[in-house]
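A.B. asks: Mind looking at a prediction? Sequence and model below.
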Amino acid sequence: MAKPHMCSPDLLARDLSGKTIIVTGANSGIGFVTAKQLASQGAHVVLACRRTGEGDKRVAEIKSEHANASCEVMKLDLGDLDSVRAFAAAFQERHPSLHGLINNAGVMNTSKGMRTKQGFEMQIGVNHLGHFLLTDLLLEALKRSAPARIVNVSSCYHDKAVGREGKIVIDDLHFESRKYDGWEAYAQSKLANVLHAKGLAKRLEGTSVIAVSVHPGWVRTDLAKHTMPLFVQNFVMRPVLKVMGMIEPWEGAQTSLYAMLADDVAEHAGEYYSQLGMYRVKSAAKGGWPMKSPNPNAHDDAMVDKLWEQSAALVSASQ
Ligand SMILES: NC(=O)c1ccc[n+]([C@@H]2O[C@H](COP(=O)([O-])OP(=O)(O)OC[C@H]3O[C@@H](n4cnc5c(N)ncnc54)[C@H](OP(=O)(O)O)[C@@H]3O)[C@@H](O)[C@H]2O)c1
């Protein structure tokens with residue numbers, strides 16, 4: 001079985017003192033491990049969490065392992081655009097600079113009818129539109145602090161999710177005139193993460209703010225909670241799932257860390273970085289830092305702009 005791509009020890013020992021980095025959804029899974037690593041390297045890390053109580057526990061864990069770590073929890077619910085605006089305002093009041101934004105939080109395969117506060121389908125709402133607004137509100141801070149990075153945590157499921165092709169239906173993002181399917185909605189939201197990074201790269205040309213998207217691998221986290229009971233993943237089926245390719249959160253954090261830290265990423269704005277993955281073509285399964293997505297819809301430049309315009313309209317209509 002192929003081994004996951006890992007960052008070099010040098011990259012993970014680089015001194016990040018003086019850098020401020022936000023990780024969304026950092027109270028669990030890949031986001032927590034990513035935040036802990038960045039804090040261990042000296043960055044000030046803001047754990048942007050919906051459940052701040054859980055975030056506080058994670059900060060305590062980070063500090064117990066790394067006594068000098070500098071990190072804090074701030075409230076962010078990506079399913080409520082008022083919360084996104086409040087987070088961005090509070091962050092900028094407290095912090096003069098921002099060197100990294102990891103748009104990591106996400107939900108997968110949520111049930112029909114689940115909506116964000118503003119009435120968006122839950123997956124496009126949380127995974128894409130919440131992050132779209134957040135990034136927009138923090139862009140000036142990132143530009144001021146450049147060189148800076150934006151990492152959108154997408155998925156290989158932007159290509160195909162449990163048999164459903166990743167595609168954006170621009171005039172029906174919320175499944176109002178098509179039958180709802182939780183995997184189709186996840187694939188759409190994760191393709192949106194890829195296209196958002198491309199749209200950012202285009203708009204940020206010449207600013208030294210680099211945006212990319214990543215697939216972290218199939219990782220043993222709480223993401224599966226809407227699909228199967230977590231004890232099945234974590235105990236009953238764990239050995240089988242491991243043989244099938246499921247990796248641990250530390251391995252799952254590697255692609256985000258590489259995208260945030262490696263020098264060569266600066267030459268690949270808008271591109272896609274993938275851990276081992278499940279793609280429609282077998283040759284893509286080994287991933288690549290970076291690699292070309294096998295989904296033709298990930299290379300639709302007209303859709304990059306259409307999605308940008310539609311997202312901007314949706315988030316501004318909510319004001
Ligand atoms: N695990 C995988 O196999 C895999 C594969 C491909 C891509 N990914 C991507 O990796 C990212 C991280 O997921 P994970 O696997 O680490 O799963 P996870 O452990 O479930 O973490 C997801 C995080 O997102 C947060 N979140 C969910 N809804 C939110 C909201 N409305 N506002 C703010 N935060 C919210 C969760 O907070 P709560 O704890 O409060 O729910 C949690 O902290 C996701 O974008 C996911 O799509 C994961």
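C.D. replies: Noted; the coordinates are in hand. Numbering: from 1, shown residues only.

A.B. asks: Now the closest residue to Ala298 other than its chain neighbours: which helix or strand?
C.D. replies: Distance criterion CB to CB, 6 or more residues apart in numbering; nearest residue to Ala298, sequence neighbours excluded, is Val194 at 5.0 Å. The C-beta positions use only the backbone N, C-alpha and C, and glycine is treated the same way. Under the criterion of DSSP states H and E, Val194 resides in helix 182-203.

A.B. asks: Show me what counts as buried in that helix.
C.D. replies: By neighbour count on 16 or more other CB atoms under 10 Å, the buried set for helix 182-203 is 182-201.

A.B. asks: cool, and stretch 164-184?
C.D. replies: Neighbour counts using 16+ other CB under 10 Å place Arg164, Glu165, Gly166, Lys167, Ile168, Leu173, His174, Phe175, Asp181, Gly182, Trp183, Glu184 of stretch 164-184 among the buried residues.

A.B. asks: Look up how far Asn297 lies from the first one.
C.D. replies: In this case it means Arg164. Look at Arg164 and Asn297: by CB to CB, to the nearest Å, they are 12 Å apart.

A.B. asks: Report the contact partners of His99.
C.D. replies: Contact partners of His99, counting by CB atoms under 8 Å, 6 or more residues apart in numbering, are Lys19, Thr20, Ile21, Ala43, Leu142, Ser145, Pro147, Ala148, Arg149.

A.B. asks: so Val214, which of the three states?
C.D. replies: Secondary structure state of Val214, per DSSP: H, G, I helix; E, B strand; the rest coil, is strand.

A.B. asks: my guess is it meets Ser154, correct?
C.D. replies: Yes - between Val214 and Ser154 there is a contact at 6.4 Å, judged by CB atoms under 8 Å.

A.B. asks: Report the set of residues contacting both of these two.
C.D. replies: Residues touching both Val214 and Ser154 by CB under 8 Å, 6+ apart: Tyr272.

A.B. asks: tell me which strands and helices the helix holding Val194 is in contact with?
C.D. replies: Identification of packing neighbours for helix 182-203 by 3 or more CB pairs under 8 Å, 6 or more residues apart in numbering; DSSP states H and E yields helix 122-123, helix 131-144, strand 148-153, strand 160-161, strand 164-165, strand 209-215, helix 301-317.

A.B. asks: In a markdown table, list the ones you listed along with distance to Glu54.
C.D. replies: Shown next, in a markdown table, are these (distance: least, CB to CB, whole Å):
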| stretch | distance to Glu54 |
| --- | --- |
| helix 122-123 | 19 |
| helix 131-144 | 19 |
| strand 148-153 | 18 |
| strand 160-161 | 27 |
| strand 164-165 | 31 |
| strand 209-215 | 23 |
| helix 301-317 | 26 |
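
A.B. asks: any chance of those in a markdown table, with distance to the ligand too?
C.D. replies: Output for the helices and strands packed on helix 182-203, formatted as a markdown table (distance: least, CB to the nearest ligand atom, whole Å):
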| stretch | distance to the ligand |
| --- | --- |
| helix 122-123 | 8 |
| helix 131-144 | 9 |
| strand 148-153 | 4 |
| strand 160-161 | 10 |
| strand 164-165 | 15 |
| strand 209-215 | 6 |
| helix 301-317 | 15 |
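
A.B. asks: Which residue ranges of the stretch 201-319 of the chain form helices?
C.D. replies: Counting by DSSP state H, counting those that start in this stretch, one finds helices in the stretch 201-319 of the chain at the ranges 230-231, 238-244, 249-252, 254-261, 301-317.

A.B. asks: Can I get the buried part of the contacts of His99 as one PyMOL selection?
C.D. replies: Entered in PyMOL, the line below selects the buried ones among the contacts of His99, by 16+ other CB under 10 Å:
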select buried, resi 19+20+21+43+142+145+148+149
